[in-house]
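> how does the following fold in three dimensions:
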Amino acid sequence: MGRDVPELTFTRDDRRQFRNKMHTCLDVFARMLRESRFDFERPQVGIEIELNLVDDSAEPAMRSTDVLDAIADPSWSTELGQFNLEINIDPRRLTEGGPDSWEQEIRDALNHAEDRAAAIGAHLVMIGILPTLELKDTGLAALSEDPRYRLLNEQIFSARGEDLLISVDGVEHLRTHADTIAPEAACTSTQFHLQVSPDEFADHWNAAQAIAGVQVALAANSPFLFSKELWRETRIPLFEQATDTRPDEIKVQGVRPRVWFGERWITSVFDLFEENTRYFPALLPLCDDEDPEDTLDRGDIPTLAELTLHNGTVYRWNRPVYAVVDGVPHLRVENRVLPAGPTVTDVLSNGAFYYGLVRALVEEDRPVWTRMSFAAAEDNLHSAARHGIDAPLYWPGMGEVPATELVLRRLLPLADRGLERLGLDADWREPLLGIIEQRCVSGRNGAVWQAEMFHHLHDIDHAGRHEALRRMTRQYIDYMHLNAPAHTWPVD
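The predicted structure is shown next:
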């Protein structure tokens, strides 16, 4: 959500005023798009990484406030759960600093934070879902102390009128209820940001939607939830269910979920913000003092506070972002489908594949989204989340094929070409895309290693279920710090 909010109670008048301000913001946004007021001459990229906190035994550590105080760096912030943190890596040009500088910057930041956290008995883990997390760890007390999260929790349950059902049918079956949104905190992700011009936004968003399933298949890293082995990327169905404001009766009426893939290819970034205001009631109807029309009329740039706050409570897998930096507005695609981890090397390989492939697809004469139904792209996402790197995926001209075959035969060369067009030379492209290639050749990623290591400990070494998950997590942390890509991790 990204914006601090006070503790308060909303009235009917608050909601009416907020809706009116949102529509005003939407009108102003449309005017800004027509008048080309956006920064896109020197586009930048960025990364956010969410992490889990554990103690020395690899059990969840509810220490986010203490760890943030110890790190004492504004790049770090709270997340939904007390066992979560998030780091925002400074935005940069993709080609800035040479092939190793971005990785070194991220590793230095994470290592510094780990050193500070370790001094008070906590440790950082980049992983999609923490395997040692249990349902008892996700009650109301697990929510971060920031009032915005408790307020969000109240509004979601007020809209639902009943507890959340979490039901995932995978290798094993999980069916449970939750009386808070804290289970959502189990989902920790890597988010890639890509700044684009208004005229090119629709093509970049469509391309990102088209490859979401491919990304998840390659990078799945969340096979366990509440001690159950479920989907290879269980984070996807968990996030969809843990923030759902709709009781069953509302679902069958066709009301859209707030965690949303979407339902169509777009022609303008305006489509996404307009859908947000048309389909989704406000969860946090907080009005800002700014009059966006007056601000624009006098030549300044409005923050569009109500529009952006509302956008932060509609959880698209590829989210549009409007922001103002140093008085200049810009637009970004925020790619949210990927889990955190397993290593910084894996994260940057995922980023290289994403940025390169999106660029190549945008430049094609016949874009993939003109040859592929939107429903097929959504089906790919859920097939990838369920099956991971073994998922069958649909692609125009190939039909339904294994994800690894699709990447090796068609998409990896496109990603390489896209990175070259972005100005990255072979010394940078080849090592990063080589990791993607070797994942496909070996059929291994973080989710595969987690599952295999758990079964080795549980089925062969006869460790109890939770003990096997705990030992697997400790081994994961050791390999994470070595920074060798996950497809090379041994199981022993």
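> low-confidence stretches in the protein?
Residues of the chain meeting the criterion pLDDT under 70: 1-8, 98-99.
> what about the longest strand in it?
Counting residues, the longest strand in the chain under DSSP state E turns out to be strand 328-339.
> then the helix or strand just after it to CSV, C-alphas only?
Counting by DSSP states H and E, the next helix or strand C-terminal to strand 328-339 is helix 344-362. Extracted C-alpha coordinates of helix 344-362, given in CSV (Å, rounded to 0.1, in the frame of the first residue of the first chain):
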residue,chain,number,x,y,z
VAL,A,344,20.4,-12.5,-5.2
THR,A,345,21.8,-14.2,-8.3
ASP,A,346,18.5,-15.9,-8.9
VAL,A,347,16.6,-12.7,-8.4
LEU,A,348,18.7,-10.8,-10.9
SER,A,349,18.5,-13.6,-13.4
ASN,A,350,14.7,-13.4,-13.1
GLY,A,351,14.9,-9.7,-13.6
ALA,A,352,17.1,-10.0,-16.7
PHE,A,353,14.7,-12.5,-18.2
TYR,A,354,11.7,-10.3,-17.4
TYR,A,355,13.2,-7.0,-18.7
GLY,A,356,14.7,-8.5,-21.8
LEU,A,357,11.6,-10.5,-22.8
VAL,A,358,9.2,-7.7,-22.2
ARG,A,359,11.3,-5.4,-24.4
ALA,A,360,11.5,-8.0,-27.2
LEU,A,361,7.8,-8.7,-27.1
VAL,A,362,6.9,-5.0,-27.2
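> give me the contact list for the next helix or strand after helix 344-362.
Using DSSP H and E, the helix or strand that follows helix 344-362 in sequence is helix 374-387. Residues outside helix 374-387 that contact it (CB atoms under 8 Å, 6 or more residues apart in numbering): 170, 209-210, 212-217, 220, 231-237, 261-265, 317, 337, 369, 391-394, 403. Placement of C-beta: from N, CA and C, glycine included.
> now list the buried members of these.
Buried by 16 or more other CB atoms under 10 Å: 170, 209-210, 212-217, 220, 231-237, 261-262, 265, 317, 337, 369, 391-394, 403, out of these.
> circling back to that earlier point, from the contacts of helix 374-387, which land in helices?
Counted as lying in helices by DSSP state H, out of these, are 209-210, 212-217, 235-237, 403.
> just the strands in the stretch 151-300 of the chain please.
Counting by DSSP state E, counting those that start in this stretch, one finds strands in the stretch 151-300 of the chain at the ranges 164-169, 173-178, 189-196, 224-225, 228-229, 259-260.
> buried set for stretch 463-475?
Residues of stretch 463-475 classed as buried by neighbour count (16+ other CB under 10 Å): 463, 468-475.
> report the backbone C-alpha coordinates of it in CSV.
Only the C-alpha atoms of stretch 463-475 are listed here, as CSV (Å, rounded to 0.1, in the frame of the first residue of the first chain):
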residue,chain,number,x,y,z
ALA,A,463,12.7,-36.6,10.8
GLY,A,464,9.3,-35.4,12.0
ARG,A,465,7.4,-33.2,9.6
HIS,A,466,8.1,-29.9,11.3
GLU,A,467,11.6,-30.8,12.2
ALA,A,468,12.2,-31.7,8.5
LEU,A,469,10.9,-28.3,7.4
ARG,A,470,13.0,-26.6,10.1
ARG,A,471,16.2,-28.4,9.0
MET,A,472,15.4,-27.8,5.4
THR,A,473,15.0,-24.1,6.1
ARG,A,474,18.3,-23.8,7.9
GLN,A,475,20.0,-25.5,5.0
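> tell me how far it lies from the chain's centre.
Computed by CA atoms, centre = their mean, to the nearest Å, the chain-centroid distance of stretch 463-475 equals 26 Å.
> what does stretch 52-67 give?
21 Å.
> what about that stretch, how long is it end to end?
In stretch 52-67, first residue to last residue: 11 Å (CA to CA, to the nearest Å).
> same check on stretch 53-70?
Chord length of stretch 53-70, first to last residue, is 13 Å (CA to CA).
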